[in-house]
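Trainee: What would the 3D arrangement of this be:
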Amino acid sequence: MAGAKIDYWGLMLEFAPEKKYDWQKASGTKPFLALDPVDAHRELEDVLLSSIESSIEAGLNMAIWSSEFLLKRHENILPVLVKLKQVGVNLKVLSYVRKYDSWAESAYGQWGLKHKSYLGPLRGFSDYIKRSPVSFYSSLKTWSDTFRGDFKVVNFDEVENVVASFQLEARIPFSLPSIRVNERLSDEELYLRALFNSAKRKKVAVREFDRVFKLDSIDLTRGPGEWLSSYMPTADDLRSVVEEASDDIDSTNALLKACGQPELDNTPIEPRVVNVDPEKLLGFALQMIVRQQSQIAELSSRVSEFENVEPQVDSVELGELKEPVS
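Mentor: Numbers count the residues shown, from 1 in each chain. Down below sits the predicted model:
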């Protein structure tokens, strides 16, 4: 975006002009949030102020910082942004909000199944969402109260293309490419990932499945579709999400209305119908078997080479044993 004098600074300021701290990487949310608040404020202020200064010197007109974590984990963020505003930095805050039941279903697939973010056995949707109920309004209100006229919340469900919407809201004077990332997993991949995570009681990062796949942990007592369906939200589960969050939804709708946005649609979404394709699943399993067999053969060959090598020990000449000095 340099030609249009607009810069994108990434999820955790990993693309900011000034790189100063270890948490400035796409996966740096956790280490940043673990900082003492005083250190977090100091480091964030240091990065933002120096990056803004560098950007101005480079002739840039706008910088974009975008991350899902900003909405609710704002304790270490807001004080710094307020200070920037007080010294004359022009800040605009934009938030997208979607239907609560739709968000709950998506969040469960991401953090309940794909990335197991909790200890203990795999949790079904009902258990997971009871422990992590959906609420947006309190955080939205904090941002709205802090930035008032410089804050806007947009109804995500009413936007046909979120990239085009953001371009319009941010007044970016050129078209941004629409690239789909973090797509909804197929039922086959979701089944395999959930199955892998169900065998572990610890938290399981996504990369663990990518690195290791243990076939002996698979439960063959139920078919893949039946097994995965037992964990997915029912119509009653999704309806209860909306009922439990009714006050929060009303408040969020009021905030949307104040921003000139349509209210969130209250039509219940249909539960996801699981349809695991056995042929795709078999194809995946066979590819894994072939790959693992090649790795096992290579390791077996290396072990054989070590076993066939006779140990060689250099001769050691023992000197005359002397009495220790008293």
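
Trainee: Figure out how far the longest helix anywhere in the chain is from the centre of its chain.
Mentor: Identified as the longest helix of the chain according to DSSP state H is helix 278-307. In terms of Cα atoms, centre = their mean, to the nearest Å, the centre of helix 278-307 is found 31 Å from the chain centre.

Trainee: Now for residue 280: which residues touch it?
Mentor: 186, 188 (Cβ atoms under 8 Å, 6 or more residues apart in numbering). Every C-beta, even on glycine, is put in place using the N, C-alpha and C of the backbone.

Trainee: export the helix or strand residue 85 falls within as PDB, just CAs?
Mentor: Element membership for residue 85, per DSSP states H and E: helix 78-86. Extracted in PDB, the C-alpha atoms of helix 78-86 (Å, rounded to 0.1, in the frame of the first residue of the first chain):
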ATOM      1  CA  LEU A  78      -6.700   1.500  25.500                       C
ATOM      2  CA  PRO A  79      -4.500   3.600  27.800                       C
ATOM      3  CA  VAL A  80      -1.800   3.900  25.200                       C
ATOM      4  CA  LEU A  81      -4.300   4.700  22.400                       C
ATOM      5  CA  VAL A  82      -5.900   7.400  24.600                       C
ATOM      6  CA  LYS A  83      -2.500   8.900  25.200                       C
ATOM      7  CA  LEU A  84      -1.800   8.900  21.400                       C
ATOM      8  CA  LYS A  85      -5.100  10.700  20.800                       C
ATOM      9  CA  GLN A  86      -4.200  13.300  23.500                       C
END
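
Trainee: Next, count neighbours for residue 262.
Mentor: A count of neighbours around residue 262, defined by other Cβ atoms under 10 Å, yields 12.

Trainee: my bad, residue 236
Mentor: A total of 11 residues lie near residue 236 under the criterion other Cβ under 10 Å.

Trainee: repeat for residue 132
Mentor: Residue 132: 16 neighbours (other Cβ under 10 Å).

Trainee: In space, what's closest to it - neighbours in sequence excluded?
Mentor: Nearest residue to residue 132, sequence neighbours excluded (Cβ to Cβ, 6 or more residues apart in numbering): residue 107, at 7.6 Å.
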